[in-house]
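>>> My questions concern the predicted model and sequence given below.
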Amino acid sequence: MRAAMWKVIGKREILHNLYSLRFLLSLVLVIGVMAAGSLSYGRRQAAAMANYGEARALSIKTMQEDGQVNVSRLAVRRRAFDLRPRDNAFIDDAKEKYLPNAVIFSAWNVFGVRSTNESANPLLAKYDELTWAFVAALLVSFVALLFTFDAISGEKETKTLALELANPVPRSALLGGKFVSAVASVTAIAAVGALVSLLILIATGAAGMSARTALETLAFVGAAALLAAVMAAFGLLCSVLARSSNVSLLLALCVWLLFAVVIPNSSGFIAKTAFPIEKAEAVQKRVDKAFDDLNKAAPPGSWMSQSNNPFLPQHELRANLLKKRMAAEKAIRDDYYRTMFRQFERTRSLTAISPAASFGYAAEALVGGGYARFRKVWDDIRIYQGQLSQWFVALDAKDPKSPHWYNPNEDISTTRTKVSFDIVPQFAERPMSAGERGRAALPYAAVIAIMACFAYGAAYARFIKYDVR
Amino acid sequence: MLFHIARKEFHNNLLSARFLIGFLLCLVLIPFSVLIGIGDYRDQAGQYKIDRDAAEKTMKDIRTWSYLRPILVFPPEPLGIFGKGVAGQVGNQVEILLGEKPLLPEGKAAARDNPFLGSFFSVDFVDIAAIVLSLLALLFSYDALTREKEDGTLRQQMANPLPRSTLLAGKLFGILMTLLPVLVFCFLLGGLIVLFSGDISFSAHDWGRLALLGTVSLAYLVVFVLVGMFVSARSRSSVSSLVLCLFLWVFLVFLAPNMASYAAESFVPAKSRDNLSGVIKDMDKGLRERQEAATKGLPKPDWPMNWWMSGEDDGREESYGCTASFFENKRLKASIEVPLLIDNADRKWPSQEAYLESLSRQARAAERLAMVSPAGIFRAVAGALCGTDRGAIERRLDDVRRYRETFVSYLRGKEIWSKYEWITPASPAKMVTADVMIEKLSGGRFKTLADYDKWAEKQSDVRSRWTVLQVGKLEGSSPDEFPNLVANDMPRYVEKRAGVAGSLEGGAAVSLGMIAIECLFLFALAYVAFIRYDVR
């Protein structure tokens, strides 16, 4: 009996949604924007790959040239590891354009990130790319509210609510039916949009169909359903809070503006007011001070150099001094990077209160991109740098013509043998595994789920006491 | 008659919940956005002071002409508080170099220390105004006709000898009368917050531009009111009109500008900066080859010994304690190399210009495409008024490049790189030969360079070769003995700030015209739709 009733209510609500103007408009808009995004995705991806290929070829070329001069030159030169454009960027670009996109390292150190805006046009105002995640964060949240804001107050105005409740229908079933059908309709819209987009991508050859793509698409639809659920719950809450649908619309719009526009766009402000960090100039001063102290403490003659005489005793002094300088700078800079990461992560945790923002962070984790990816590369490249350094030391140990005074900046007092590029260990990025992605996305999904429960619970509590006349 | 209808609309709206909530929304969001803007401005102003002081120190702390490089640091635009534009996406300073023309401003963008925060977007007053004003306009106009039709009052009104155009205009004015106080309130509130923030001073020009921004906002508001009325005149029920208006709102305000930028980035490709860096690197390599070839035949110095020397890229050099012939060698070298260096800047420029032009073309394409949405036009005009748009950056860079030409011709006029002052502050009269120098440095132990060389060859410890030369003191062998260089007649860079009208030159005026045309067009559309409207 109960199940049958749920079925009746659910069917009625779904049909009601399907035939409505808003469903049609949402579908058209979502499909339109997603299709527009996928149509130009191929070109963008090709351009990004071409740029990446150019940078990568240049980096390989300098490495080859350095190896032909000598292996020490190859070891001390600072290189950039550029992040490869992701092939699932059509799901979420994770604003990678505006994030650092390279790590600078040598065999002796991982120095830092390349933070210039080189991958984004500085004259073009920052904007969100037309990815699935953007469409979902903006439109799914909006449409979910639009489907529910007048679910109760609207029916009250048309007097159908009183009629329905004159039947033996529990209020929980009525509210639940409306909730489930709204979530189902909105998720269906997102899923159809994603499918159309995927078809276009495959048809234009911009993306291939693989098990991973299928999984990622499913994960996206799941995340979109979660977002639809939380926004629908808030929509119902707005609906039961007001007596007229006009007022609940205004409330719903305020909720949407808060969640989808104000909170995500306050991140920069929150970061610098709630979690301020030291100024870069102050850090530079500390580095300069450490250098000064070390220079003063260094034995005289440390800077004397003769490139044709590797065994000049002063070369050892300088090698030691430069090693100490590097270690001192590394300690300060690494610490500064840790405060930057902390600032970024804490700001995200705080803004996760907005389901739209949380959804963005979860989507980013699910596609294995953005900040999470960068952090993984940042950590992995340290391990690689250790290996590269060991490799170099082993090579140097074999050379009787080398004094083995390791100097992180110069190629004078270590082996000057040539080396072929093929035997130099290369860094290969390990993409985030499915488990890692899921673990990274879980906290944000949990936040959304908790908020959905909270909003739905509040709506239910309020609906029980709602005057339906 | 018109006034009666407008007054009735005004009273109806004033008492409605939407007026209250809309007002509250402005009350919360406007101060919020202005406070964010002020915070950013303060950061940038603080950064400006740090950078300016550092630049002044660098520029003062020089002793030779070859180190003279003006560093221009730009203060943040006060109106950036209201519309941040793209000014924060580039740095705040330019160093004038001889070997390269300025490409884009360098330095920290938006005074940001943490590069990861670049992925955090932010909204400003203009964004909030674009969002909230359009929403309010639509919320007040979507049911302007449908509601009265549903209530049956439209039929009653039309039973009187009332022209439909008067009714439509009356409704328009009624809604504007309701929204105008909200708009004025937003700007007053923003202005007051700035006024009472203490450390921010707006000039009369700035206030004038802010007032102009208010006027543009009004036009923007009218556009959306007309959109709402048009939709209302084409809809049978308030609900469908509302749904349509809301979707239009999301599309025009949030999606269209993004789609424009996305399309521009996809179909108008920008050249790669890595590529440009490669080209520049090759040209610098070519320059070094040319310089080496040109200076090959110079007479060799008697003793190529620098007692104190520092040299950096872009032809910067200072030397102390050299022999007269080594100084002469350096002087001759600079007099040949520097003109080649300056010439290389001109050779690099076409590649740089092509890169910049590709960025600019892409941004222009995005701006033009965004014109399909009134929000895109509004943001373009606002950026121009606030002096933070692409045009402002490009104009400033043009000025800076012109200034570089002035600076280079100032140096050229002095023929300064052919003089000793280019490489050393030491006076030519006090320059000595190698033999004299050796005698002085060794405290009389060696009379000539040949004596010293003969002795030095036999020494196994490299260091002792130098310690023996530290007995005596050579005048002018350390930079501390010389005063800083004072170049009082150096041309200064003067920032040109456009006046109220000047800020609207070019594209912005066109945009403004487009808003006006859009208004007229939409009114005509709404009128036509309403004429054919079935009021029953």
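That came through fine.

>>> Name the residues of stretch B:420-435 that come out as buried.
For stretch B:420-435, burial by neighbour count (16 or more other Cβ atoms under 10 Å in any protein chain shown) applies to B:420-426, B:431-432, B:434-435. Where you see a C-beta, it was placed from the backbone N, CA and C, and this is true even at glycine.

>>> Show residues contacting that stretch.
Stretch B:420-435 is contacted from outside by B:63-66, B:302-303, B:305, B:317-320, B:322-325, B:327, B:330-331, B:334-335, B:338, B:416, B:440, B:447-449, B:475-476, B:482-483, B:485, using Cβ atoms under 8 Å, 6 or more residues apart in numbering or on different chains.

>>> Out of these, which sit inside strands?
Members of those lying in strands (criterion: DSSP state E): B:317-320.

>>> Need the max-distance pair from those.
Pairwise distances among those were taken by Cβ to Cβ; the largest, 11.2 Å, belongs to B:Glu317 and B:Tyr320.

>>> Can you narrow the contacts of stretch B:420-435 down to the ones near chain A?
For chain A, no contacts are drawn from the contacts of stretch B:420-435 by Cβ under 8 Å from any Cβ of the partner chain.

>>> Emit the ChimeraX select command for whichever of those are buried.
The ChimeraX command for the buried members of the contacts of stretch B:420-435 (criterion: 16+ other Cβ under 10 Å) is given here:
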select /B:63,64,65,66,302,303,305,317,318,319,320,322,323,324,325,327,330,331,334,335,338,416,440,449,476,482,485
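
>>> does B:Gly91 count as helix, strand or coil?
Three-state assignment for B:Gly91 (DSSP: H, G, I helix; E, B strand; the rest coil): coil.

>>> Does the helix or strand encompassing A:Ala182 reach chain B?
Here A:Ala182, judged by DSSP states H and E, is contained in helix A:171-203. No: using Cβ under 8 Å from any Cβ, helix A:171-203 never reaches chain B; the gap is at least 12.8 Å.

>>> Can you give me the buried ones in that helix?
A:171, A:173-191, A:193-194, A:196-198, A:200-201.

>>> so what does the helix or strand that contains A:Val135 touch, helix or strand wise?
Using DSSP H and E, A:Val135 sits within helix A:132-135. Helix A:132-135 sits against helix A:21-69, helix A:171-203, helix A:355-366, with contacts defined as 3 or more Cβ pairs under 8 Å, 6 or more residues apart in numbering or on different chains; DSSP states H and E.

>>> For A:Lys285, which of those is the nearest?
So among the helices and strands packed on helix A:132-135, helix A:21-69 is nearest, using Cβ to Cβ, at 32.0 Å.

>>> List of residues touching the helix or strand just after that closest one?
Counting by DSSP H and E, the next helix or strand C-terminal to helix A:21-69 is helix A:71-76. Defining contact as Cβ under 8 Å, 6+ apart, one finds that helix A:71-76 is touched by A:63, A:66-67, A:106-108, A:388-389, A:392, A:395-396, A:407-412, A:414-419, A:424.

>>> quick one: contacts of the following helix or strand past helix A:71-76?
Going down the chain from helix A:71-76, the next helix or strand is strand A:79-82, by DSSP H and E. Strand A:79-82 is contacted from outside by A:52, A:55-56, A:59, A:62-63, A:101-106, A:114, A:377, A:381, A:427, using Cβ under 8 Å, 6+ apart.

>>> could you redo the last one with a cut-off of 7 Å?
Strand A:79-82 is contacted from outside by A:52, A:55-56, A:59, A:101-106, A:114, A:381, A:427, using Cβ atoms under 7 Å, 6 or more residues apart in numbering or on different chains.

>>> residue ranges for the helices of the stretch 51-200 of chain B, please.
B:125-141, B:146-151, B:153-158, B:164-195 (DSSP state H, counting those that start in this stretch).

>>> Counting by contacts, list what the last one packs against.
Translated: helix B:164-195. The contact analysis (3 or more Cβ pairs under 7 Å, 6 or more residues apart in numbering or on different chains; DSSP states H and E) places helix B:164-195 against helix B:2-14, helix B:17-60, helix B:125-141, helix B:204-234, helix B:507-531.

>>> Just the buried residues of the shortest one, please?
Spelled out, that is helix B:2-14. Going by 16+ other Cβ under 10 Å, helix B:2-14 has these buried residues: B:2, B:5-6, B:9-10, B:12-13.

>>> The fourth one now?
Along helix B:204-234, these residues count as buried under the neighbour rule (16+ other Cβ under 10 Å): B:205-206, B:208-210, B:212-214, B:216-234.

>>> Next, give phi and psi for A:Leu322.
A:Leu322 has phi and psi values of phi -70, psi -30 when expressed as degrees, to the nearest 10.
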